[in-house]
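>>> Mind looking at a prediction? Sequence and model below.
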Amino acid sequence: MSKIIVSVTLLVAALIGITIGLFLQVKEPKSVQLPPQKEQNVPAPTPQKKISIVGVTASFDEETSLQRFAEVADKLSIYSPGLYNISRAGQLQQLSVKHRDTFLSHARNNNLTILPLIGDGFDSSRVQLLLNNKEIQKEFIRQLVEEAKNQDFDGWALDIEVLSPQDRDAFTEFIRDVAFDLHDNGLLLKVILFAKTAQKSSYPGRAQDYAAIGQYADFLGLMFFTFHNEATGPGAQAPLSWYRDTLSFATSQIPKEKIIVGLTTHGFDWGVGRGREVTYPQAEERINTYSATVHYDQIDSSAVATYEKDGVEHVIWYEDATTIVEKMKIARDKFNLSTFAFWRIGAEDPKLWSLIPNISN
């Protein structure tokens, strides 16, 4: 009898379980059958960073640079004055700059990060000496640390341009060793590089390994200019198609936060023979003197002036505030880059400074 009761009890429990299961199945919310909401598949927009400007002044144009630098120093975040060279012996050499202390005083009064430029004197022999002689290199790096501490600099900006493709490994190793020692002493390193559209493009640019150097340096200042120069025919400093291609390659190799977009304030005047470099004030002077005709090349984003002098037709392709700001907007809007440098302060269209705040709007 007890077995019958147990069997009946189990049967009743089973029936109850089936009933409950059917009830729950009927009551299951239909919402679980709906596809995911579309907004879940839309990535969040990348926030745009505040525009930051690196100021650069040249030792060969002190008077003009100093006046403008005093006016715009409060608009900068980093300052790289041309104060040093690599000597013929491969050592750190201070240039003779009359207003050196005044430049630095303006920078410190505005709390700028000071990274003085070190040039190569456009001399391949001193560059080769420094890259290939480890003892000279070691002493040079020691001098960098000592001078930075003595002068209260925040670091250095290396501008080594006289390079050959075979220097690629030596240059990368040199940058690595400089960066290690500077960083060990709380100092920063900026490296000036040629803009290019591939890892092995322009002749000196082949010696500059973007990805490798980007691992070591804190900032990489890329020179997005002189596509056309004294040795070429007339044309823009940074044609937009080339400019976009170089930005695309740079951002594929280097962390964006390390990239400084270097733009020129110059242009070139072509008449007979080779072109001649002109600053914005020089271009304006020739336009006024010779009643030049001016127009904008929309495709390459450049101001163009034509005039006649002594029976010779001249054409100037140059940068003004409008063309520089256009390139800044492309770099910011299309590539999310926010740090820019102008070569050089004192050579630019003064209207540039009033237009920069509009870029963030």
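That came in fine, so what should we check first?
>>> residue boundaries of the helices in this protein?
Here the chain has its helices, by DSSP state H, at 2-27, 62-72, 100-109, 124-132, 134-151, 168-184, 210-216, 240-253, 280-289, 321-335, 352-359.
>>> Give me the number of neighbouring residues for the closest residue to residue 49 other than its chain neighbours.
Among residues not flanking residue 49 along the chain, residue 338 sits closest, at 3.8 Å (C-beta to C-beta, 6 or more residues apart in numbering). The C-beta positions use only the backbone N, C-alpha and C, and glycine is treated the same way. When counting by other C-beta atoms under 10 Å, one arrives at 21 neighbours for residue 338.
>>> what residues are up against residue 338?
48-52, 332 (C-beta atoms under 8 Å, 6 or more residues apart in numbering).
>>> Next: residue 247.
224, 261, 330-331, 334-335, 337.
>>> Can you turn the buried subset of those residues into a selection I can paste into ChimeraX?
Remark: buried members of these, expressed as a ChimeraX selection using 16 or more other C-beta atoms under 10 Å:
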select :224,261,330,331,335,337
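>>> Quick check: the gap between the residue lying closest to residue 280 once chain neighbours are set aside and residue 219.
Nearest residue to residue 280 in three dimensions, chain neighbours excluded: residue 349, at 4.6 Å (C-beta to C-beta, 6+ apart). Separation of residue 349 from residue 219 (C-beta to C-beta, to the nearest Å) stands at 25 Å.
>>> Repeat that for residue 273.
Taking C-beta to C-beta, one finds residue 273 at 38 Å from residue 219.
>>> got the helices of the chain as CSV, with distance to residue 302 and mean pLDDT columns?
Listed next are the helices of the chain as CSV, based on distance: least, C-beta to C-beta, whole Å; pLDDT from 0 to 100:
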stretch, distance to residue 302, mean pLDDT
helix 2-27, 71, 38
helix 62-72, 22, 96
helix 100-109, 30, 98
helix 124-132, 31, 98
helix 134-151, 38, 98
helix 168-184, 32, 98
helix 210-216, 26, 98
helix 240-253, 9, 97
helix 280-289, 11, 98
helix 321-335, 6, 98
helix 352-359, 15, 94
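>>> Distance to residue 296 added to those, as TSV?
Listed next are the helices of the chain as TSV, based on distance: least, C-beta to C-beta, whole Å:
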stretch	distance to residue 296
helix 2-27	70
helix 62-72	24
helix 100-109	34
helix 124-132	39
helix 134-151	43
helix 168-184	38
helix 210-216	32
helix 240-253	12
helix 280-289	13
helix 321-335	7
helix 352-359	15
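>>> Can you tell me which of these is nearest to residue 196?
helix 240-253 (6.3 Å; C-beta to C-beta).
>>> before we move on, back to that, which one's more surrounded, residue 273 and residue 219?
residue 219 (24 against 7).
>>> which residue packs closest to the more buried one, ignoring adjacent ones?
Using C-beta to C-beta, 6+ apart, the closest residue to residue 219 is residue 190 (4.0 Å).
>>> Contact partners for that neighbour?
78, 80, 115, 155-158, 217-221, 260 are the contacts of residue 190 under C-beta under 8 Å, 6+ apart.
>>> Out of those, grab the one that's most surrounded.
Neighbour max across these (other C-beta under 10 Å) = residue 80, 30 neighbours.
>>> Might one say that that residue is in contact with residue 58?
No. Contact criterion C-beta atoms under 8 Å: residue 80 and residue 58 do not qualify, at 10.5 Å.
>>> quick one: the residue nearest to residue 49 and residue 146, what's the gap?
33 Å.
>>> Stretch 190-208: end-to-end distance?
Criterion C-alpha to C-alpha, to the nearest Å; first-to-last residue distance in stretch 190-208 is 14 Å.
>>> if you skip the residues just before and after it, what's nearest to residue 143?
In space, residue 143 is closest to residue 92, 4.2 Å off (C-beta to C-beta, 6+ apart).
>>> Now do the one you found: how many residues are near it, please.
Using other C-beta under 10 Å, residue 92 is surrounded by 18 other residues.
>>> beta partners of it?
residue 86 (DSSP bridges).
>>> how about residue 93, what does it touch?
Neighbours of residue 93 in contact, by C-beta under 8 Å, 6+ apart: 84-87.
>>> wait, which of those is closest to residue 300?
After measuring the contacts of residue 93 against residue 300 - C-beta to C-beta - the closest member comes out as residue 85, at 33.8 Å.
>>> List the beta-bridge partners for the closest residue to residue 283 other than its chain neighbours.
Spatial nearest neighbour of residue 283, chain neighbours left out: residue 318 (4.5 Å); criterion: C-beta to C-beta, 6+ apart. Residue 318 has these beta-bridge partners by DSSP bridges: residue 267, residue 303.
>>> Show me the residue sitting in the middle of the chain in space.
By C-alpha atoms, centre = their mean, the chain has its centre lying nearest to residue 260, at 1.8 Å.
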